[in-house]
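Participant: Sharing a model prediction with you, sequence too.
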Amino acid sequence: MIRISTQMITERSISSMLKQQSGVSDTQLQLSTGRRVLVPSDDPASASRVMGLNGAVDTLSQYQGNIDRLTSRLETEEGALTGATNLLQRVKELTIQGNNDVLSQTDRAAIASEIRQLRNQIFSMANSKDSGGEYVFAGYQSGTRPFSYSAGVYTYNGDSGQRELQIASDRTVADGDNGFDTFMNVATGPITTINTLAPTDPAPAAITAGDITIDGGNGNGPVSIGALPLAANPTDRTTQLLNAINATSYQTGVSAVNATATTLTLTAVGGTGVTVAIAGTATTANTGLSNATTAPVTSKQSIFETLDLLATELEAGNSVDRYITDVGLALDNIIEIRTTVGGRLNAIEEQQTVNEDLKLILETHRSKEQDLDYAEAIARFESQMVALQAAQQAYVKVKSLSLFNYL
């Protein structure tokens, strides 16, 4: 015979109500959070999958954040390069205009002044900052102003580094270009330079046409500079050579200037080199020339230095043939880098779309694993409430039972 005490009835009733109340509380929490899995013990397998999906979604969010930063940095760089492109195109126009012999020296000085202003604008663009206050063209040294100018010297204070940001699990993209390759280490056109000797004959003899030829390496072949009359002295002969060489420069591409009163500097821009040939009545003693072929030399210098030299030559009234090529090469360099920036912007835009699609897929799977079925949860909640209310009412009835009610 089992004895059922009032204490036992009370304990079991309260235990049952607390259990049902716990179930109601859990369901209420699910409804308020919208989550089916509140703690790992609710569904260990699903909780494990949700943790993995959360990590993947967070990683994609970081990639998207990197893309946003990349876009901002590259758009700033593209803006600076676009501005530099427009300014260099204007410089090229001015250089061609300034190379016209009909211009007065006042006109050339005005062109030189504008070129210096354009150089200052390009210099300012080279020191551009992004929205975060970092310098765009400083390489890894993004907190250091990349370009400075002092005592006629342009200095690059950054480095040749290129920062990379990850935009996918196996893909990184550079967030900028260093200023050294962009503005400092820029190719100039091939130039051939020849320094003549001073004639040693005190009264250089006349020279027959065809005895001095110059091939400027421009495809026109050897060109005779014509006949030269008897010269009074070495200085007179040097002046004759100067005029004769410059008179044929439209054919040879070779121009001459006085290095001293009795020597010349011959210059050819572009081409494969300069060949000077003397024969017959022309000798080294009466011309200062000799049979020789001189190869062109190429070099690299900053865009700023090129523009400074161009302005100086214009102010001096000299020919600026060579700077037409140099400015063109500087422009090509900027355009080439600008093209790579545009390619990177296109690439990260495509990757951003891929990341968004993948993130949506992962979030959909995560939703299936952890999100609540509201219809099922509401039905369960109502059922649990009915059961709890019934248990409470039953407890009240049972608790009120007593043998004294039947005596």
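Facilitator: Noted; the coordinates are in hand.

Participant: Show me this structure divided up by domain.
Facilitator: Taking automatic domain parsing as the domain assignment, the record places the domains of the chain at 55-186+304-357, 191-297.

Participant: and the end-to-end length of the last one?
Facilitator: This points to domain 191-297. The straight-line separation of the ends of domain 191-297 (Cα to Cα, to the nearest Å) is 5 Å.

Participant: when you give positions from now on, start the count at 279
Facilitator: Sure, I'll start numbering at 279, so the last one becomes domain 469-575.

Participant: average model confidence for that domain?
Facilitator: Per-residue pLDDT over domain 469-575 has a mean of 94.

Participant: what does stretch 644-652 give?
Facilitator: Along stretch 644-652, the predicted local confidence has a mean pLDDT of 70.

Participant: that older thread, generate TSV for the domains of the chain, with mean neighbour count as supplementary columns.
Facilitator: Heads up, the C-betas are built off the backbone N, CA and C, glycines and all. Rendered in TSV, the data for the domains of the chain read as follows (neighbours: other Cβ atoms under 10 Å):
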stretch	mean neighbour count
domain 333-464+582-635	17
domain 469-575	18
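
Participant: any idea which helix or strand comes after the strand or helix carrying Arg327?
Facilitator: When elements are defined using DSSP states H and E, Arg327 is found to belong to helix 322-376. For helix 322-376, the following helix or strand on the C-terminal side (DSSP H and E) is helix 383-404.

Participant: report the angle between the axes of that following helix and helix 322-376?
Facilitator: Using axes from the mean of the first three to the mean of the last three Cα atoms, to 10 degrees, the interaxial angle of helix 383-404 with respect to helix 322-376 works out to 170 degrees.

Participant: now the next helix or strand after helix 383-404, how far from the centre of its chain.
Facilitator: Towards the C-terminus, the helix or strand next in line after helix 383-404, according to DSSP H and E, is strand 425-428. Using Cα atoms, centre = their mean, to the nearest Å, we find the averaged C-alpha position of strand 425-428 to lie 21 Å away from the chain's own average C-alpha position.

Participant: what's the answer for stretch 507-522, then?
Facilitator: Here stretch 507-522 shows a centroid-to-chain-centroid distance of 54 Å under the convention Cα atoms, centre = their mean.

Participant: Keeping just the C-alphas, turn that stretch into CSV.
Facilitator: Listed in CSV are the C-alpha atoms of stretch 507-522, where the atom choice follows Å, rounded to 0.1, in the frame of the first residue of the first chain:
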residue,chain,number,x,y,z
PRO,A,507,84.0,78.9,-97.7
LEU,A,508,87.5,79.7,-96.5
ALA,A,509,87.3,80.7,-92.8
ALA,A,510,89.2,83.6,-91.3
ASN,A,511,89.9,81.7,-88.0
PRO,A,512,88.7,78.7,-86.0
THR,A,513,85.8,80.7,-84.5
ASP,A,514,84.7,81.7,-88.0
ARG,A,515,84.8,78.0,-89.1
THR,A,516,82.7,77.0,-86.0
THR,A,517,80.1,79.6,-86.9
GLN,A,518,80.0,78.3,-90.5
LEU,A,519,79.4,74.7,-89.2
LEU,A,520,76.8,75.9,-86.8
ASN,A,521,74.7,77.5,-89.5
ALA,A,522,75.2,74.7,-92.0
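
Participant: Check what contacts it and list those residues.
Facilitator: Outside stretch 507-522, the residues within contact range by Cβ atoms under 8 Å, 6 or more residues apart in numbering are 474, 476-484, 490, 503-504, 506, 534-536, 539-542, 564-567.
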